[in-house]
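J.: with the sequence up front, the predicted model follows.
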Amino acid sequence: MFRDAALIAGKDLRLEARSRVALNQVVPFALLVLVLFAFALDPDRGILSRATPGLYWIAVLFSALLAIQRAFTIESADGNRDALRLSGLDPAGIYLGKAAAIAVQLAVLEVLLGIGVAVLYSTHLAGWGLLVVTCVGATAAIAAAGTLYGVLAAGLRVRETLLPLLLLPVLAPVLIASTRAFEAALSGATADGWPWVGLLAVFALVYIVAGVVGFGPLLEET
Amino acid sequence: MEPVVHLRAAVSLLGRFPALAGVDLDVTAGEIVLLQGPNGAGKTTLLRTCAGLLPVVSGEAVVLGHDLTRDRRAVRAEVGLLAHATGLYDELTVHDNVTFWTRAAKADPADADAAMARLGLDGRLRDVAVGRLSAGQRRRTSLAVLVARRPRLWLLDEPHAGLDHDARDLVDGLIRDAAGSGATVLVASHELDRAAALAGRSVSVVGGTVQGGARVP
């Protein structure tokens, strides 16, 4: 399973390196969201400062939708889905590999967005340990749930519009937990943030287990 | 000898439509069997069913010893399907694609290089993105994937389509070599003269059924 996951993750990351869709489209989109929030809330720097954690994670979620759709668009083209089913690869391995590739892309995006909020919102980044662990937990949860819902939506004709409708409600707890943890880190009250990280870990674990179990049937039936 | 493909009254659905409506077919190891019939007769569906991609809802269906009515996934790693769609990633090079699918099948990566050489893809085309290839070159890349995987059952849907004369001869050679090495080949083709010269037997697919497919013991 892990050998298959490594093979799929390597293929997806190589595809991204060649096509540069995330670099040329997803990253500019995410930064644009940050800039638009700054324009909308700039008259009151107090609101912008307080809202920074939430805005950051909303930008991550919106951008993640694009990355997830891209990850399954490449499998929908020219019989690739059938080729995957015929490949002999373990469906759980395919799931973990695609989730890992999405997670790597999200991690890079989160670093760039972190730089973005520091520059655009004049945010002083503090509580680094909590920030990093929150990013790891949220990234795992978003990638795990996104990959599961991505394959579900990929087999449907209305996948472009359906994926956000399916995925965003599922990721609402991740948005809440990661935002609260970031608020705690940036305000210096890191002890208040760790319970939220625990919640993130639980959600990530639940989504990963659901994905490992459910991805194969969804790949077959949708 | 145990047949490689054994179908009896096999019914396969495309949605709610019975695309295979009670197929009888026996194919033994090393045979090359031509499937002929008009468009929409069920040739592609028959190949996809044998590959384990479509469910068999009634009848008997045993391919390479795997009962497709119980578990149609198990057979997939042992078959190679050349379909109309290429199953290739446009942004990856010919080498990336062939190597990836070869590794996915747990075959020897060295076989990928040998297959590319056999299909004439080891020169300047090796590092060209598949999306920049012509239809015929893409077809040859799909064939290289098939060859590198060394399947026990070759399922070929119009294998000569889009290929020039030399490439068609090359495909014929691949099919003969596969059968010579013990693999079994099912070919759906409208190029009857060329395919019939390859095949040891031909059967007609008409209206989701196969005429003359079963062998009476």
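T.: Right, received. Where do you want to start?

J.: interface residues of chain A facing chain B?
T.: Residues of chain A lying near chain B by Cβ under 8 Å from any Cβ of the partner chain: A:4, A:7, A:11, A:14-15, A:18-19, A:74, A:77-80, A:82-83, A:85-89, A:220. No exception for glycine: its C-beta is placed from N, CA and C like everyone else's.

J.: those in strands, which ones?
T.: In strands, judged by DSSP state E, none of the residues of chain A next to chain B are found.

J.: from these, list the buried ones, please.
T.: A:4, A:7, A:11, A:14-15, A:18-19, A:74, A:78-80, A:82-83, A:85-89 (16 or more other Cβ atoms under 10 Å in any protein chain shown).

J.: about what we covered before: quick one: mark the members of the residues of chain A next to chain B that sit in helices.
T.: A:4, A:7, A:11, A:14-15, A:18-19, A:74, A:80, A:82-83, A:85-86, A:220 (DSSP state H).

J.: list just the nearest of these to chain B.
T.: Nearest to chain B among those: residue A:83, at 3.1 Å, using Cβ to the nearest Cβ.

J.: so the closest one sits right up against residue B:97, yeah?
T.: No: counting by Cβ atoms under 8 Å, residue A:83 stays clear of residue B:97, with 9.8 Å between them.

J.: now for these two: what residues contact both?
T.: Here residue A:83 and residue B:97 share the contacting residues residue B:88, scored by Cβ atoms under 8 Å, 6 or more residues apart in numbering or on different chains.

J.: and the residue lying farthest from the centre of chain B, helix, strand or coil?
T.: Distance from the centre of chain B peaks at residue B:124, with 27.3 Å (Cα atoms, centre = their mean). Three-state call for residue B:124 (DSSP: H, G, I helix; E, B strand; the rest coil): coil.

J.: what about it, distance to chain A?
T.: Separation of residue B:124 from chain A (Cβ to the nearest Cβ, to the nearest Å): 18 Å.

J.: gap between that residue and residue B:113?
T.: To residue B:113, residue B:124 is 15 Å away according to Cβ to Cβ, to the nearest Å.

J.: and the pLDDT for the residue nearest to residue A:15 when sequence neighbours are not counted?
T.: Counting by Cβ to Cβ, 6 or more residues apart in numbering or on different chains, residue A:15 lies nearest to residue B:91, which is 5.2 Å off, once chain neighbours are set aside. Looking at residue B:91, its pLDDT reads 91.

J.: likewise for the one 5 residues further on?
T.: Listed pLDDT for residue B:96 reads 94.

J.: which residue is the nearest non-sequential neighbour of it?
T.: residue A:14 is the one closest to residue B:96 (Cβ to Cβ, 6+ apart), at 6.5 Å.

J.: quick one: that neighbour and residue B:91, what's the gap?
T.: Residue A:14 is 8 Å from residue B:91, by Cβ to Cβ.

J.: so residue B:97 is in which element?
T.: helix B:94-104 (DSSP states H and E).

J.: swap in residue B:73?
T.: Going by DSSP H and E, residue B:73 is not in any helix or strand.

J.: show me where the chain has helices.
T.: With no chain named, the answer covers chain A. A:2-19, A:21, A:27-41, A:45-76, A:80-86, A:91-120, A:128-154, A:159-187, A:194-221.

J.: look at chain B instead
T.: B:43-50, B:94-104, B:109-118, B:135-149, B:165-180, B:192-198.

J.: list the residues that contact residue 84.
T.: This is for chain A. A:75, A:94, A:219.

J.: look at chain B instead
T.: A:79, B:44, B:157, B:158, B:161.

J.: now do residue A:32 against chain B, distance only.
T.: Distance from residue A:32 to chain B, by Cβ to the nearest Cβ: 25 Å.

J.: just give the number of residues close to that residue.
T.: Using other Cβ atoms under 10 Å in any protein chain shown, residue A:32 has 12 other residues around it.

J.: and the gap between it and residue A:104?
T.: 22 Å.

J.: show me what from chain B comes close to chain A.
T.: B:51-53, B:73, B:76-77, B:79, B:81, B:83-92, B:96, B:100-101, B:103-106, B:129.

J.: mind running it again at 7 Å?
T.: With the criterion set to Cβ under 7 Å from any Cβ of the partner chain, chain B comes near chain A through B:51, B:53, B:76-77, B:81, B:83, B:85-92, B:96, B:100-101, B:103-106.

J.: from the residues you listed, list just the buried residues.
T.: Buried among the residues of chain B next to chain A by 16+ other Cβ under 10 Å: B:51, B:53, B:76-77, B:81, B:83, B:85-92, B:96, B:100-101, B:103-105.

J.: so what's the closest residue to chain A within chain B up against?
T.: In chain B, the residue that lies nearest chain A is residue B:85 (2.6 Å; Cβ to the nearest Cβ). Residues in contact with residue B:85 (Cβ atoms under 7 Å, 6 or more residues apart in numbering or on different chains) are A:78, A:79.

J.: quick one: neighbours of residue B:57, just the number.
T.: There are 13 residues near residue B:57, going by other Cβ under 10 Å.

J.: doesn't residue A:146 make contact with residue A:68?
T.: Yes: Residue A:68 lies in contact with residue A:146 (Cβ atoms under 7 Å); the separation is 4.0 Å.

J.: for the residue in chain A positioned nearest to chain B, give its distance to residue B:88.
T.: Among all residues of chain A, residue A:79 sits closest to chain B, at 2.6 Å; criterion: Cβ to the nearest Cβ. To residue B:88, residue A:79 is 8 Å away according to Cβ to Cβ.
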